[in-house]
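Undergrad: Fold the following, please.
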Amino acid sequence: MTFIMLNSIKNNFNKVLFTNKIVLAFLMAMLLGLVTFRIFVKFSRKKKCRKIFFVGPRKTGKTTAINAMLDESGENYIGMKKKTVPTRKDHRVVFKPKKTFNFITTLNNFEIIEKHQKDDEDDIKKFSINSTDKYIFFIKDDQEVYPALAGFDVTFVKWQKCSDHKNKYVTYLEENPMKLFELIYEVSK
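TA: This is a model prediction of the structure:
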């Protein structure tokens with residue numbers, strides 16, 4: 001009798017063990033499928049555009065700089081006019097340069113957003129500055145000061161040509177789009 005009970009327990013144990021092996025194999029197959037799917041999704045996504053925001057007061061050269069960059073990169077195939085008008089709404093340009101730049105190979109897909117200047121006393125609200133994005137702030141005069149922007153990712157630039165570079169916190173672009181491309185590359189690292 002004891003032998004029959006032991007044999008019965010052994011058979012039940014083997015059935016449970018076999019069932020557990022099937023369940024374990026099924027779970028491993030599901031896990032392997034899920035991992036494979038996640039890897040496929042990760043590598044099949046398009047790379048996101050890096051966003052750089054151009055902000056600053058009116059008549060500081062933001063639109064002119066974008067036009068010069070389009071000319072330099074080979075994107076200006078429609079012959080954009082050199083005369084600019086005041087920006088009334090946010091303006092977006094996605095750069096996928098047709099020419100390669102010898103100093104940068106990774107700057108192939110980025111978006112410049114020229115922000116519309118709002119009528120507000122607060123500089124942060126006026127230029128739509130937030131703490132998550134990168135900004136290139138165009139100024140007219142070397143002595144312009146915006147203390148409210150301290151702590152944000154803002155790089156001050158002057159687009160127009162000038163003889164003396166007085167302010168060490170301002171990048172002087174001298175109307176050179178290649179300097180602006182280099183700056184965007186440095187800012188977007």
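Undergrad: any idea of the pLDDT on the most centrally placed residue in the chain?
TA: In the chain, the residue lying closest to the centroid (Cα atoms, centre = their mean) is Arg50, at 2.3 Å. pLDDT recorded at Arg50 is 78.
Undergrad: Skipping adjacent residues, who's closest to it in space?
TA: For Arg50, ignoring the flanking residues on the chain, the nearest one in space by Cβ to Cβ, 6 or more residues apart in numbering is Phe110 at 4.3 Å. Any C-beta I mention is one placed from the backbone N, CA and C, and that applies to glycine too.
Undergrad: That neighbour pairs with what?
TA: Here Phe110 shows beta-bridge partners Arg50, Phe95, assigned using DSSP bridges.
Undergrad: That one: what's it in contact with?
TA: For Phe110, the contact set (Cβ atoms under 8 Å, 6 or more residues apart in numbering) comprises 49-52, 94-95, 184, 188.
Undergrad: Write the PyMOL selection for whichever of these are buried.
TA: Burial among those is assessed by 16 or more other Cβ atoms under 10 Å; the matching PyMOL selection reads:
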select buried, resi 50+52+95+184
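Undergrad: with the contacts of Phe110 in mind, which one is nearest to Glu72?
TA: Phe95 (10.3 Å; Cβ to Cβ).
Undergrad: what separates the closest one from Ser73, distance-wise?
TA: Here Phe95 is placed at a distance of 6 Å from Ser73 (Cβ to Cβ, to the nearest Å).
Undergrad: just Leu173 next, same as before
TA: Noted for Leu173: a distance of 16 Å to Ser73, by Cβ to Cβ.
Undergrad: Those two: which is more packed in?
TA: Taking neighbours as other Cβ atoms under 10 Å, Leu173 and Ser73 compare with Leu173 leading, 22 against 19.
Undergrad: surely the more buried one meets Thr155?
TA: No. If you go by Cβ atoms under 8 Å, Leu173 and Thr155 don't touch, sitting 10.9 Å apart.
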